[in-house]
Structures are given as structure tokens and as C-alpha cells.
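[1] Pasting the sequence and the predicted model now:
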2 protein chains.
Amino acid sequence: MSINPRDDASRGAPPERGASTNLSTILRRVHRSGPASRAELTRETGLNRSTISGLVGELVERGLVVEVEPRSTKQVGRPSPVVQASPQVLAVALVPEVDAVTIGLVSFDRQVIRRVRFETESIPTVREAVVIARALFQGMRDGLGPEYRIAGIGVAVPGLVRAVDGFVRWAPHLDWRDEPLGALLEEATGYRVFAANDANLGARAENLFGAAAEASNILYMNGGPSGIGGGIIVNGELVGGAEGYAGEFGHNRVAAPTDSEVTDGELEASVSQNRLLSVLGLRSASLDELEVALLASERPEVRAEVHRQLGVLSVGVRNMINILNPEKVVLGGFLGVLFDFETAYFLDLLEANTLAPSWESVTVVRAELGSDLLLVGAAELVFDGVVARAEL
Amino acid sequence: MSINPRDDASRGAPPERGASTNLSTILRRVHRSGPASRAELTRETGLNRSTISGLVGELVERGLVVEVEPRSTKQVGRPSPVVQASPQVLAVALVPEVDAVTIGLVSFDRQVIRRVRFETESIPTVREAVVIARALFQGMRDGLGPEYRIAGIGVAVPGLVRAVDGFVRWAPHLDWRDEPLGALLEEATGYRVFAANDANLGARAENLFGAAAEASNILYMNGGPSGIGGGIIVNGELVGGAEGYAGEFGHNRVAAPTDSEVTDGELEASVSQNRLLSVLGLRSASLDELEVALLASERPEVRAEVHRQLGVLSVGVRNMINILNPEKVVLGGFLGVLFDFETAYFLDLLEANTLAPSWESVTVVRAELGSDLLLVGAAELVFDGVVARAEL
DNA sequence: GGTGATAAGTAGTGAGTCACAACATATCCG
DNA sequence: CGGATATGTTGTGACTCACTACTTATCACC
């Protein structure tokens, strides 16, 4: 161990392509964790005051951060100006779904400043989605002052997307197969496009701004109306795998001793929002409605179904805890509802079946981010690049 | 995408704690991929000739690399001296097992230059293992010239080890529980100690020098006499998880439709070397003997057992392929034997059950490294630090 | 065996990042 | 209002590395 624990920031860093490591470090800090005074940045990075001064100045010049009036801290000493990510640097977030195309504008300081959900009569094709996106985008852009700058477009796709070029391999519920979404969108808008799996982006968003904000090893599982997806974060980075298809938990086979009924099926055949709804006698419901209905119901079949689903889910989760030794397990969508409804039951199942050391280092929580989850996650695809390059 | 694809090496890098990024880059290159001429380094890193000259000179001065006579390349132009990792920088590798303690000396240029296997009468306790290690180490050290320098000690532990301090949480077959192995060894030897799970280190070794040398997203599963372990490599880095306990595949529950017998058991209860041996009528065997016996046997029960085990294994592997989207799946130990024995059968099972895009990006191979696997992997724990700091 | 083409090492200069020290400035507290 | 404290600012120097020009070593051909 080194004697001096602080500071792994670098000295005398690279001219490179205009992207100093420390420039990125500061940018990442103010983007992810919010505004900070120069003095705080100095302490956190271990860099020198004068260096911070220079770096912040550079970032201000590039229009990526703004400095605002010092907070009145009632402290002695000269007040330190507060640095924050510029609210005028924007990312466009696009979320195609079976019944709508949603587009949002997310600012570099993590505000969703605009959002439009455009409902479609039928499931949109890729071309339709691109046309709609372009139209919505144009409408938004026109209402924006020239002081705003758009860094790119991020897309959350409910399916398998190739990371390098945003090529959609398979999005079952949209019935898209091998569609060049990224290329089409770039052509239509002229902006750089980044696309990824929606659940992966959910994991990322929860990591940055939600239930797993402090952790860097995370298992995220999300239950939606049409299946179960997830994302894994290792050492603070989203696991994409070879091409970006990682995170497909839903199709896994798990053996659940508590579930005699469906033993050789896939996880999402057994743990399913529809089955939950049907036990409750509902045809469709929002998550809130589902939660209310669950709490209101006192019928034993309902509880039995919840227990059955949690039993199966627990096997999938425990497998992943043994394999990944995460710090946090985050459950989103209806999985979060199930978890909140029978927390102790679920945790007991997990504790009984995971290896003790791994169990000790993990906490299981419900997801925190609501409807903006995917917009924020998709925007983050764009901002990732901005932070890394300290440009645009 | 940037116009200039080459070169993400840095310019004007940090004075830091004496560890320039580029110094590490060169060191990593010659350590992992073997000797390279200065000219090759120049091309591969994108750095300037003069920079390479300076960096190599610095590394020579620090005693981490040596320059040898240029290879006669039959090429025009001035011959370029060949740079290689110094064979005089050593790591001590330690492998405690149920019936022996093995210690090895591995040089920075990846040669196992010495190895001693010390058989024990009974399962060694932690203290016994430390005493044995110390004695063996002293013996080795005395036979070594003063020109050799030891960078530290790496330990491959068959169990759960806390990454930060080498504290053994649980090593079932050694019957060690909560033992401060790292601290004891450091005290006994005076060298820095790094410890990790044996299967994790196997994954690392196969990644660096074996069957998955070019890949950076890898699933490694190893079948030993006492169970199944594994390691995951994501973006070129071993996944340790929160504390280093990641990779415990063996205790997972998988549902295998082909295995009516053991549906709710753990993977390693169903896929087991012992069960294989017992079908073959053997009590114990080395991997080679096992392989020979398998090939020699023509009894249908044997093939049935192989198919049953591969069927269960395939479920575990397909789950991980869906989740991780790896480039390579590497099967070691008796899993490798099973795989080689019925390759087509296993691959067909996998193909039928993994998501097509993920299946397209993966290749399944048998592990390549033999008995030196763990020594090399353990040494790598030590060399990792040397490469990162470009020191010691 | 000399000569030119080619490839690579070497030396000097300059640019970029950052630490450090000295100084300037803003706030709190008595 | 003045001292204590914390922070911003400026100037200098250290360090890494690119670039240019020059030198050196080999091959190939005559």
C-alpha cells in the first residue's frame, strides 16, 4: 500500500486529442454528483488549487461547465465559486416502444428539460420510428434558443443492439430484426447516435443517479410488461460483452425447488407481470395500480403467486450473486413491486442460498428512478463520450 | 468516430509516483505478448521513436526489461534491438491444496523457472501452509543469484478470498475459514502478498497466455476433483466483484430438461468428476487417465452419463452466454475433457438455446494451459502491480 | 567492395500539464 | 477594524513526449 492514500489523479498529463485525463475527471465529477465548489474539487481530486483553477477555466471556455456564485457557507475563508455541468449542453434521448415513441431532452446537469410521448396506432417500424423521432426532434429544436448545444442522440432499445453502430439485432416486442437503426437516425438527424439495450441503460441510470449511486458492482434486474431484462455493472462500468448484448436474464433457465409447476421454462415465463395481473383479475395496469391492487388484495392465491414468483426470482438472483459478488442488487419494474410487497420473504430465501461471504457484501434494494429512467440512461450514452473527450 | 484510428497512447504524461502510463504500456506489451523490437513497439503504441527510446532506456535502468541483440530479419534498415521482460524479476507463486503445498518461481518473461510440490500427510492448516511455504521459499531463494529480484508473492486459493488483504473467508476443501493468510504470509516472508481464487486465476492465465489470448470478454469454467469454479473477464479485466468472491458457478441451481434426476441440486452436484469416474469404474484418476478411459470405454452408460453432465453444464453455460455475451468460453479441467469428448453434442445444445446474436459472437474452446496454470495465474497477481507501477 | 535506399536510433527543441511557492482576496470572528 | 482562515491567482520549474534533423546499420545491386 502506498503511504500517501490520496490522489491517483495524474500530473503532467497528455496533450492528446485535447482530452486531458484530469479534465475528464472534473467533468465526470460535476456531471455525475452535481455541482461542487472549486475547493471541493481540489480536495476530492487531490490536484493542486492552481491546477483546478486552470482546468475549470478550460472547461468554462469549452462551454461544458458554468461557474455560479459561491454558496454562502458561513465559513471563514474566501468563498469558492461553484462549478456545475452546463445546462445548455443537451442530449436527445429516444425511446421506441410498442405503442409510442418517446423523445426527451436531457441536460448535462441531469435535468430532463423536455419530454414528448407520441402514441402510435400500431407497433412502429424502424422507419416510422425514425420519421417520428425526426419530427419530434425538429419541433423541440425550434423551440430552443441558440445557446443550447446538442451533443448527440441516445436510444434505449427494448432488445439486442450492437454497441458499435446501433444496429438492432432483435427487438422481439417491436418485431424489429436486423435493422440499421443507428445509421438511419444519424442520416435523418445529422447527429451522432448511440444505442443500447433499455435494461442496460436502466442499470446505468440507477448506478449514476438512483438506488445504486455509490456502488461500482451492481446487478440490476427489471421486470417489464413483456419480460425481464437487466444490466450488470462491474468496476463502475456497464458490462456490454463482446457486442453489447449482455444482460439477457429473462431467457435463462433456473431450477426453483419452490416451483414445481414450471421447472424447465425460462425465468420470464415463470416470473411475469401478466401472471401476476391475471391472479389479481386485472387485464392491464400501471405499476402503481399493480402495487395498489396487491396491497388491497387479501386472497391467499395472490400471496401464493407472489411467493412462487419470488421463489423463482430468488434462484436467478442468488445465482448471480454467487457469480458476480455485487455490492447492490437493484430490482426495478414489477420485480420492485414484488420485492417491496414481500421483502423479508425474498431476503430470507436469498440468505439461505447464497454463499455467506458474498451475501454479507450485498444489499438488495428496489429501483428508485421512475419514468425518466430510460431517458436519463439513454442520454448518458451521449454524455459518456462528452466526459471522456471533454469536448462537444 | 475519430478520423485517426491509431493511437490512444498518451502524450506528455504524468510524473506521478514514477509511473508513466506509457511506461506501463510498454511493460505490459513485453510481459504479456513476449519480446518485441523497439521498432515494433513504436508501431504498436503509436508513440514516437525517440519516446520509445527514452522509455525503454528508463525501463532498462529500473531493471524491468533487458535489451538483446537484434534478430536478423533479412530486412533493409538498421536492426532494432529486441526488448523483453527481465528474466531476473521474479514472482513467487503459492498453491495450497488438500494434499500438497506447491511453490513456484515465475519470471517476468513468463517462464516457470522453478517448482516444488511438497506433499503433506494431511490437509494443511493455514499455519502449516505458511511454514511450509516459508521453508520452500527459503530453499529456493538460497539457490538464486543476487541478480534476481523478487517482486512479491501470489497465492491461488481454492476458495473465497478477500481481494484487498488475502484474508481467506472460506476454503471448503482445505477446511479453512476466516484465516488471515495474506497477513501471515507477509509477516513470515517480508514480501507483499496477493491472493485470489484459484479458478479466477485460471481464467486470467488462459486470457493472458492460453486459449483466450486475444479476447477481452471471457467466461472460464473449470472442473476440478472437488467442484466447479470459474472466472469472468470483462473488458480485459478479471471480475472480482465487491470483495473478490466472484466466479462461484458451482453452487448455482440450473434447470436442465435433460436431467430428470437432479433438478433442484447445485451444478456441481450434477456435473462432477467423481460421478464420471464412478461410471467408468475408477476410484481416482488424473485428467489424462480420465480422458484415456473415456475414449477406451464403449459402454453406453458412459456416454449417457457424459451426455447428462454436458446437458446440465450447457444450461449453466448458456445462461452465462445470454447474460455476459462473451467472446470466448473456456472449459478447463474435466469440463474440458467432457467437451473434447462430445464437442458437437455440446455445441448443438448450446446453439439451440442461446440467443442467436450472442451465440454468433462466441466460440467455445478447451483450456490450453496445463499444470502451470495456477502458478502463472498467481504470479500474474504480483506482476499486475509491477506493470501498473512500472516499479519493483 | 563501394554506393544508394531503407529503417531505425539519437539529440535538441518546444509544447502541454501540473506541482509548488508566494502573493492577493474574500469571509468570519472578536 | 484587524487577525485568522480559506481560497483564487500568478510565475516558475519539472516532467513527458512529439517533431525535426542527423547519425548509424543493414541490404541489394552493380
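    Sure thing, it's come through. Residues are numbered from 1 along each chain as shown, chains lettered A, B, ... in the order given.
[2] dump the residue contacts of residue A:176.
    A:125, A:126, A:159, A:168, A:170 (C-beta atoms under 8 Å, 6 or more residues apart in numbering or on different chains). The way it works is simple: take the backbone N, C-alpha and C, and place the C-beta from them, glycine included.
[3] mind checking pLDDT for it?
    Here the pLDDT value assigned to residue A:176 is 96.
[4] what bridges to it?
    residue A:171 (DSSP bridges).
[5] Check whether the closest residue to DNA strand D within the stretch 1-150 of chain A sits in a helix, strand or coil.
    At 1.9 Å from DNA strand D, residue A:77 is the closest residue in the stretch 1-150 of chain A, using C-beta to the nearest atom of the strand. Classification of residue A:77 by DSSP: H, G, I helix; E, B strand; the rest coil places it in coil.
[6] and the contacts of residue A:176 near chain B, which?
    Among those, proximity to chain B is found for residue A:170 (C-beta under 8 Å from any C-beta of the partner chain).
[7] By neighbour count, which of the contacts of residue A:176 wins?
    Counting neighbours by other C-beta atoms under 10 Å in any protein chain shown, residue A:168 leads the contacts of residue A:176 with 24 neighbours.
[8] Tell me who's in contact with that residue.
    Each residue near residue A:168 by C-beta under 8 Å, 6+ apart is listed here: A:126, A:157, A:159-162, A:176-181, A:195.
[9] let's go with 7 Å and repeat that
    Applying C-beta atoms under 7 Å, 6 or more residues apart in numbering or on different chains, we find residue A:168 in contact with A:157, A:159, A:161, A:176, A:179, A:181.
[10] Relative to DNA strand D, which of those residues is nearest.
    The nearest member of the contacts of residue A:168 to DNA strand D, counting by C-beta to the nearest atom of the strand, is residue A:161 at 34.7 Å.
[11] What about that closest one, how many residues nearby?
    Neighbours around residue A:161, by other C-beta under 10 Å: 31.
[12] How about the contacts made by it?
    Contacts of residue A:161 by C-beta under 7 Å, 6+ apart are A:168, A:169, A:195, A:196, A:197, A:244.
[13] Just the ones of these in strands?
    A:168, A:169, A:195, A:196, A:197 (DSSP state E).
[14] And the third one, how far from residue A:302?
    In this structure, residue A:195 and residue A:302 are 38 Å apart, going by C-beta to C-beta, to the nearest Å.
[15] More neighbours: which of these two?
    Shown here are residue A:195 and residue A:302; by other C-beta under 10 Å, residue A:195 has more neighbours (25 against 18).
[16] Tell me who's in contact with that one.
    Residue A:195 neighbours (C-beta under 7 Å, 6+ apart): A:155, A:157, A:161, A:166, A:181, A:182.
[17] Can you tell me which of the contacts of residue A:161 is nearest residue A:354?
    residue A:197 (26.1 Å; C-beta to C-beta).
[18] what's the neighbour count on the closest one?
    Residue A:197 - counted by other C-beta under 10 Å - has 27 other residues nearby.
[19] low pLDDT regions in chain A?
    Per-residue confidence for chain A (pLDDT under 70) gives these ranges: A:1-20, A:73, A:255-264.
[20] Can you show me the helices along it?
    A:21-33, A:38-45, A:49-61, A:126-142, A:181-189, A:198-209, A:267-270, A:273-280, A:287-296, A:300-324, A:334-341, A:343-353, A:356-360, A:373-389 (DSSP state H).
[21] separation between residue A:365 and DNA strand D?
    Per C-beta to the nearest atom of the strand, to the nearest Å, residue A:365 is found 33 Å from DNA strand D.
[22] For that residue, give me its contacts.
    Contacts of residue A:365 by C-beta under 7 Å, 6+ apart are A:211, A:328, A:330.
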